[in-house]
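[1] quick one, what's the 3D model for this:
(one chain, ligands or ions: 2)
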Amino acid sequence: MSATLIDGKAFAAGLRTRIATEVAAMKAQGITPGLAVVLVGEDPASQVYVRSKGKQTLEVGMNSYEHKLPAETPEADLLALIERLNADPAVNGILVQLPLPAHMDEEAVINAILPEKDVDGFTVLNVGRLATGQKAMVPCTPLGCLMMLREHLGSLSGKNAVVIGRSNIVGKPMAQLLLRDSATVTIAHSRTQDLPGLCRTADILVAAVGRANFVKGDWVKPGATVIDVGINRTDDGLVGDVDFAEAEQVAGAITPVPGGVGPMTIACLLANTLTATARANGLPDPEGLTP
Ligand SMILES: NC(=O)C1=CN([C@@H]2O[C@H](COP(=O)(O)OP(=O)(O)OC[C@H]3O[C@@H](n4cnc5c(N)ncnc54)[C@H](OP(=O)(O)O)[C@@H]3O)[C@@H](O)[C@H]2O)C=CC1
Ligand SMILES: Nc1nc(=O)c2c([nH]1)NC[C@@H]1CN(c3ccc(C(=O)N[C@@H](CCC(=O)O)C(=O)O)cc3)C=[N+]21
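    Numbers count the residues shown, from 1 in each chain. Ligands and ions are numbered 1, 2, ... in the order given. Down below sits the predicted model:
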């Protein structure tokens, strides 16, 4: 048997069309959402991501502001830029591309972003709001995964979910969102014992590890829904954290790499920018874009 393909690329295109409609309505009221992206250094993968994000921001009718700083920029200069963006009414969302160069304090930089403009949902205030069930800005990658899971499964209530990876940007917020939807959630990591056995209990398996083809077909419970967050550049091209050829024989549904979680991440960044703009202007949250 072979799994249903969860087409993140198509899902993301549909989401952007809806966002573009909402942006047009806001523009008719004299409001244009603006997203500022800050890239420090010249990491090639980050450059690709920042470019496609800037293009899509313009395509949905938002203003895009790109700030590219040299790798050796002093942290104080980056903090000063964030202060300017915080104070700029044309900027509704701020994203500082990670990772930052080693001489910078990532926590200090992220927490300098005004929580209302923190469209990545990485500031401590938004992390705490998500964890306590308050209205937050939710990290884009887990939000995109949640949207695909709900679309495919309907309710997540009572499902066993295993998230492999405990990073602040993917694993932990993914677990929070699954818990909020009443899944029974286990977070696995490099010290987890019998990871294959644990994965076999999962109705929902999310892999956010950063190791090419790490999750094997015999780790997957027959019929499970598999979400592959991994982005690994190999000699065979871009591959995920799941051995797709094996897993798709067993899973009920699976996201591909490329064309799965990645495009949804960017679409959710635009969704968060729209939500931030609505909130900044005292408008209700746009429907279906927040958990
Ligand atoms: N598609 C998208 O939009 C995005 C994709 N990504 C991709 O997702 C992947 C994960 O990213 P990120 O969360 O930032 O990565 P991190 O490196 O921050 O975290 C990786 C996690 O995997 C765990 N891990 C590593 N090796 C093993 C192992 N052998 N067994 C079990 N767990 C293991 C680590 O455990 P421990 O904590 O114990 O070290 C850690 O918790 C990467 O490929 C990244 O490129 C990331 C962001 C967005
Ligand atoms: N502050 C911050 N926020 C982030 O959300 C953030 C970040 N820093 N740093 C890097 C990671 C990674 N990330 C990706 C986004 C889109 C694709 C994506 O669109 N991938 C395409 C393929 C693109 C390609 O070919 O390289 C796909 O999977 O189909 C991948 C990875 C966001 N991240």
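
[2] for ligand 1, what are the nearby residues on the stretch 51-200 of the chain?
    With CB under 6 Å from any ligand atom as the criterion, the stretch 51-200 of the chain meets ligand 1 at residues 141, 164-167, 169-171, 188-192, 195. No exception for glycine: its C-beta is placed from N, CA and C like everyone else's.

[3] state the distance from the residue of the chain at minimum distance from ligand 2 to residue 202.
    Per CB to the nearest ligand atom, the residue of the chain with the smallest distance to ligand 2 is residue 262, at 2.3 Å. Distance, residue 262 to residue 202, using CB to CB, to the nearest Å: 22 Å.

[4] sorry, back to before: quick check: PyMOL command selecting the buried ones in the residues of the stretch 51-200 of the chain next to ligand 1.
    Under the burial definition 16 or more other CB atoms under 10 Å, those of those that qualify are selected in PyMOL by:
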select buried, resi 141+164+165+166+169+170+171+188+195
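
[5] and the residues of the stretch 51-200 of the chain next to ligand 1, which of them are in helices?
    141, 171, 195 (DSSP state H).

[6] tell me if I'm right that the residue of the chain closest to ligand 2 and residue 45 touch.
    No. Using CB atoms under 8 Å, residue 262 makes no contact with residue 45, being 11.2 Å away.

[7] out of those two, which sits in the busier spot?
    Between residue 262 and residue 45, counting by other CB atoms under 10 Å, residue 262 is the more crowded of the two (25 against 11).

[8] OK, contacts around that one?
    By CB atoms under 8 Å, 6 or more residues apart in numbering, the contact list for residue 262 reads 8, 231.

[9] helix or strand: which one has it?
    helix 261-280 (DSSP states H and E).

[10] how about the nearest residue to the closest residue to ligand 1 within the stretch 1-150 of the chain, chain neighbours excluded?
    When distances are taken as CB to the nearest ligand atom, the stretch 1-150 of the chain reaches nearest to ligand 1 at residue 141, 4.2 Å away. Nearest residue to residue 141 in three dimensions, chain neighbours excluded: residue 265, at 4.7 Å (CB to CB, 6 or more residues apart in numbering).

[11] in the chain, which spans are helices?
    With DSSP H as the criterion, the chain has helices spanning 8-28, 44-59, 75-87, 106-111, 124-131, 140-153, 171-180, 195-199, 244-247, 261-280.

[12] select from the ones you listed the stretch with the lowest mean pLDDT.
    Ranked by mean pLDDT, the helices of the chain end with helix 44-59 at the bottom, a mean of 93.

[13] tell me how far it lies from the chain's centre.
    14 Å (CA atoms, centre = their mean, to the nearest Å).

[14] what of stretch 58-67?
    Distance, centroid of stretch 58-67 to centroid of chain: 18 Å (CA atoms, centre = their mean).

[15] can you check stretch 168-178 too?
    10 Å.

[16] circling back to that earlier point, tell me the contacts of the residue of the stretch 1-150 of the chain closest to ligand 1?
    169-170, 174, 208, 229, 261, 264-265, 268.

[17] the same query, at a cut-off of 10 Å, please.
    The contact partners of residue 141, taken as CB atoms under 10 Å, 6 or more residues apart in numbering, are 120-121, 167, 169-171, 173-174, 208, 229, 261-262, 264-266, 268-269.

[18] ok, now residue 232?
    209-214, 238-241, 257 are the contacts of residue 232 under CB under 10 Å, 6+ apart.

[19] now those: which count as buried?
    Judged by 16+ other CB under 10 Å, buried ones among the contacts of residue 232: 209, 212-214, 239-241, 257.

[20] what's the closest of those to ligand 1?
    residue 209 (4.1 Å).

[21] what sits against the closest residue to the closest one other than its chain neighbours?
    Distances taken as CB to CB, 6+ apart put residue 241 closest to residue 209, at 4.6 Å, once the chain neighbours are dropped. By CB under 10 Å, 6+ apart, the residues touching residue 241 are 164-165, 206-215, 227-232, 257.

[22] tell me the confidence at residue 241?
    For residue 241, the model assigns a pLDDT of 98.
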